[in-house]
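Undergrad: need a structure here:
(one chain, ligands or ions: 1)
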Amino acid sequence: MSSTATAKKKQHVSSGPVLDWAAGHGPVTGALSATTGAFAVATTGAATAMPPGWALAVGAAGALGHTVAGLRVRNAGRTLATRAASWLVGAGWTTWAMTHGPLTWAALGSLAAIGVGIGAAARSAALYEEAREEEALAVEQRQLMAELSAERREIAAEWIERIKRICRITVRVLGVEQWETGAGYSLDLEPQGGITYDRIAQHSVALSADAKLPHGCTATAGPGVHQGRTILDVTTVNVLKDDCPYPDDYGTLSVLTGLPWGVRTNGETVSAYLREQCALVVGPTGSGKTNMVHTILAGFARAEDVLTWVIDLNAGSAGLPWVLPALKGEVKGEDGKPVRPGIDWLAGTHEEALTMLDAALAVGLHRKKAYQDLLARANTDLLPVSAKIPQILLVIDEGAEILVSTDRQMKELAKKILEVIRMLRAMGVRTVLTALGATGSVLGNLMIRREGKVRVALTGGETEGMDLGKLFPGRRGLRVEQAPYKGAGFMGTPESPAGLFKAWRILPNQIREITAATSDRHPRLDEISARAAGPAYARRWDTARTAWMHAHTPDDHADRSSGSGSVPGLRLSALSGREAEHVSPEDELLARFRAEIDAQFATTSDPNTPATEQPPAAGGLNLSALRGEQDSPAQQAALALLLAADTDGTGASAIARALADEYGTNRQTVVGWLKDWSKDGTAVRIGEGTKARYVHRDHAPDN
Ligand SMILES: Nc1ncnc2c1ncn2[C@@H]1O[C@H](COP(=O)(O)OP(=O)(O)OP(=O)(O)O)[C@@H](O)[C@H]1O
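TA: Down below sits the predicted model:
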């Protein structure tokens with residue numbers, strides 16, 4: 001748009017002068033308007049005996065007005081002079097014609113000559129202005145180019161020419177940034193003529209070929225800082241074929257600020273934002289899908305506001321590495337204490353999966369009612385997820401296949417999965433489904449299409465059942481052949497358009513490290529949700545329900561620990577009376593907590609639980625790490641207060657006061673806990689009468 005036109009637009013918007021001195025006229029209409037105007041004034045003026053000086057005054061004002069308007073839009077001196085002269089000549093003729101009569105041949109002839117003259121002058125001024133603008137653009141581009149280094153200048157010139165030839169678009173290059181990884185560069189482009197980035201994106205494949213980029217490298221156009229700008233990412237080194245190890249920084253993450261899943265070809269981390277979105281990860285066998293699931297679980301484990309629930313009907317294998325090392329006591333915290341599993345619940349059977357989905361639905365639906373006040377106070381309809389009210393992320397391995405299965409049992413699961421996806425976004429329950437293929441039947445489901453906008457396709461070179469067009473609609477130029485490596489593929493989210501990416505490679509020792517490093521960080525299910533989830537949730541680590549985890553993982557400590565010839569493998573279920581004699585105090589405690597939970601939820605005894613509440617055998621799954629898991633959050637908070645009270649100790653009233661606001665706990669309840677803790681040795685009562693107080697056993701005087 002010319003500067004004159006821009007200025008004109010601006011004047012329209014502002015409440016500026018009523019007379020638009022910069023009003024647009026072409027050379028012909030301008031000349032016509034001037035001559036007919038002058039003629040009309042001269043004839044009317046002559047007929048009404050108007051003083052001729054008026055016409056001259058109007059002309060002078062016109063010349064002045066146009067000059068001021070021209071100066072404001074920085075017109076050239078030449079243009080200003082032409083316009084002012086046109087006004088003055090017109091006014092001069094009108095004055096003369098009014099005194100000598102406008103309807104003479106001399107008057108009319110001279111007016112025609114003046115009209116042609118004004119037209120020609122205006123045309124020449126317009127041409128001059130256009131040339132001036134073009135020159136200014138060229139100077140600007142030259143300046144930009146001068147600011148770039150020689151190498152960047154060369155890159156910029158090369159791409160200006162290539163885009164012009166292939167896309168038939170003229171672009172200005174505003175910047176060239178070479179990536180620190182050395183794997184390519186980005187160009188900041190401004191396509192001319194109101195063209196947007198997608199016109200360049202359409203030609204991605206042709207541009208990559210023309211630039212002779214190596215296999216696995218692309219030239220991908222994406223949106224720039226505004227709609228008139230484009231960022232063109234050009235990969236020159238194929239980083240997809242090399243392994244990309246999971247970073248060894250296990251720092252705290254949040255579902256609100258994004259969970260990193262891998263890297264783009266430019267070395268940038270690509271994150272999934274799952275507060276409101278569900279995710280779909282597609283990968284045929286051997287593509288690196290299991291590894292990707294572990295990378296996803298690692299991110300969830302590191303988040304302080306996420307509870308991960310995993311369903312894997314393939315014997316729970318996706319979740320086991322996150323559970324077994326902790327349950328078997330193979331991983332210890334820094335202080336040598338047992339650690340909590342890296343995920344919060346693992347379902348490996350159809351029944352357990354149903355229980356989990358029912359619990360998720362109960363939590364979500366109850367949160368809707370119970371947190372009404374909180375939502376009103378926060379003035380939002382999205383539950384404010386935090387470490388206190390965590391997001392539940394349900395990872396369902398091969399969940400997409402469950403959704404399209406015709407099997408009766410699977411259909412039952414599918415119905416509940418879809419209910420979770422459909423109803424619980426606002427209440428902080430989202431899903432990550434994996435699928436073996438990006439086929440029509442998987443993506444045909446409206447709920448997946450609508451709610452699952454975080455999408456990953458791990459191709460591993462597999463073209464069968466890999467419809468990238470369906471997985472990433474509207475994104476052109478993505479081809480499976482660009483990522484023929486394990487763990488490599490495409491990822492797209494609402495925040496980051498689909499493009500090549502490589503999943504981090506995570507190894508079993510890192511899973512153990514992350515389990516240990518994040519043990520204290522995992523949130524607990526808020527009390528409101530825990531109540532809704534009920535005993536099914538509270539007893540998820542019960543021996544009867546976790547026995548299957550050992551069914552197919554021979555215990556390598558079995559022989560070492562049981563010289564007396566105890567049966568290897570299923571130690572949890574093998575609760576023989578003899579083994580039960582060697583019960584650790586912590587396991588005894590666990591049994592007591594279970595009984596308490598029963599009382600709290602007023603449940604009848606679980607038919608799956610052994611008739612006598614026997615603790616797990618010594619040397620079996622080390623459930624002591626889960627002691628706190630089975631308490632109510634209020635009870636855990638009370639225990640934390642007891643610990644924090646150090647050697648001074650504390651009392652029931654003080655603890656109840658501290659918990660009243662958040663949990664509504666009364667003194668009587670705390671008295672009960674303190675009594676239990678004194679009995680089982682967790683707390684020690686010291687002093688008598690009004691001096692009586694409780695200290696944690698770690699701070700007891702004789703400890
Ligand atoms: N991100 C990655 N980077 C490098 N190599 C990887 C990556 N992911 C997987 N691999 C390699 O691919 C192999 C298969 O990976 P994985 O078991 O995750 O695949 P899968 O798709 O789950 O296959 P299957 O379903 O057969 O188990 C791994 O043993 C590893 O060597």
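Undergrad: skip the chain neighbours and tell me the closest residue to the closest residue to the ligand within the chain.
TA: For the chain, the residue closest to the ligand is Gly487, as judged by C-beta to the nearest ligand atom, at 2.1 Å. No exception for glycine: its C-beta is placed from N, CA and C like everyone else's. Among residues not flanking Gly487 along the chain, Gly288 sits closest, at 3.7 Å (C-beta to C-beta, 6 or more residues apart in numbering).
Undergrad: the ligand contacts on this structure?
TA: 243, 283, 285-291, 486-487, 503, 505 (C-beta under 6 Å from any ligand atom).
Undergrad: ok, now with 8 Å
TA: 243-244, 262, 283-295, 458, 460, 485-488, 502-506 (C-beta under 8 Å from any ligand atom).
Undergrad: are any of these buried, and which?
TA: Neighbour-count burial (16 or more other C-beta atoms under 10 Å) applied to the residues of the chain next to the ligand gives 244, 262, 283-284, 287-295, 458, 460, 485-488, 502-506.
Undergrad: list the strands paired with the helix or strand Glu190 falls within, with their directions.
TA: Glu190 is part of strand 184-191 when elements are defined by DSSP states H and E. Note on strand 184-191: by DSSP bridges, its sheet partners are strand 171-178 (antiparallel), strand 230-235 (antiparallel).
Undergrad: so which of those strands is the most packed in?
TA: strand 230-235 (a mean of 23; mean count of other C-beta atoms under 10 Å).
Undergrad: centre of the chain to that one, how far?
TA: Centre-to-centre, strand 230-235 and its host chain are 21 Å apart (C-alpha atoms, centre = their mean, to the nearest Å).
Undergrad: what sits up against that strand?
TA: If you take C-beta atoms under 8 Å, 6 or more residues apart in numbering as the criterion, strand 230-235 is touched by 159, 171, 183-191, 196-197, 200, 211, 213, 216-224, 265-266, 499-500.
Undergrad: got a list of what the most centrally placed residue in the chain touches?
TA: Compute the mean C-alpha point of the chain, and by C-alpha atoms, centre = their mean the closest residue is Tyr273, 3.0 Å away. Tyr273 is in contact with Val255, Gly258, Leu259, Val454, Thr493, Pro494, Glu495, counting by C-beta under 8 Å, 6+ apart.
Undergrad: the third one in helix, strand or coil?
TA: What that stands for is Leu259. strand (DSSP: H, G, I helix; E, B strand; the rest coil).
Undergrad: and it, what does it touch?
TA: Leu253, Ser271, Ala272, Tyr273, Leu274, Ile296, Gly299, Phe300, Arg302, Ala303, Val306.
Undergrad: my guess is the fifth one contacts Gln391, does it?
TA: This means Leu274. Yes: using C-beta atoms under 8 Å, Leu274 makes contact with Gln391 at a distance of 7.5 Å.
Undergrad: out of the contacts of Leu259, which two sit at the greatest distance?
TA: Tyr273 and Arg302 (15.2 Å; C-beta to C-beta).
Undergrad: distance between the ends of stretch 95-111?
TA: 12 Å (C-alpha to C-alpha, to the nearest Å).
Undergrad: can you report how many residues lie near Ala544?
TA: Other residues within reach of Ala544, judged by other C-beta atoms under 10 Å, total 15.
Undergrad: that one belongs to a helix?
TA: Yes: assessed with three-state DSSP, Ala544 lies in a helix.
Undergrad: report the angle between the helix ranked longest in the chain and strand 184-191.
TA: Using DSSP state H, we find that the single longest helix of the chain is helix 105-147. Angle of helix 105-147 versus strand 184-191, following axes from the mean of the first three to the mean of the last three C-alpha atoms, to 10 degrees, is 170 degrees.
Undergrad: give the next helix or strand downstream of helix 105-147.
TA: Downstream of helix 105-147, the next assigned helix or strand under DSSP H and E is helix 150-167.
Undergrad: next, the angle from that next one to strand 171-178.
TA: 130 degrees.
Undergrad: which residues touch the nearest residue to Gly117 once chain neighbours are set aside?
TA: Spatial nearest neighbour of Gly117, chain neighbours left out: Val89 (7.6 Å); criterion: C-beta to C-beta, 6+ apart. Residues near Val89 by C-beta under 8 Å, 6+ apart: Ile114, Gly117, Ile118.
Undergrad: and the helix or strand Leu88 falls within, which residues are buried?
TA: According to DSSP H and E, Leu88 maps onto helix 77-100. Neighbour counts using 16+ other C-beta under 10 Å place 79-84, 86-87, 89-91, 93-98 of helix 77-100 among the buried residues.
Undergrad: what do you get for stretch 521-533?
TA: Quick answer for stretch 521-533 (16+ other C-beta under 10 Å): 521-533.
Undergrad: with pLDDT and secondary structure as extra columns, can I get these in a markdown table?
TA: Shown next, in a markdown table, are these (pLDDT from 0 to 100; DSSP: H, G, I helix; E, B strand; the rest coil):
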| residue | pLDDT | secondary structure |
| --- | --- | --- |
| Arg521 | 94 | coil |
| His522 | 96 | coil |
| Pro523 | 96 | coil |
| Arg524 | 94 | coil |
| Leu525 | 95 | coil |
| Asp526 | 94 | coil |
| Glu527 | 92 | helix |
| Ile528 | 93 | helix |
| Ser529 | 95 | helix |
| Ala530 | 93 | helix |
| Arg531 | 91 | helix |
| Ala532 | 94 | helix |
| Ala533 | 94 | helix |
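Undergrad: tell me the spacing between Arg521 and Ala387.
TA: 8 Å (C-beta to C-beta, to the nearest Å).
Undergrad: can you give me the helices in the stretch 201-350 of the chain?
TA: 204-210, 289-302, 320-327, 350-370 (DSSP state H, counting those that start in this stretch).
Undergrad: which residues of the stretch 501-650 of the chain score low on pLDDT?
TA: 551-631 (pLDDT under 70).
Undergrad: no further questions, thank you.
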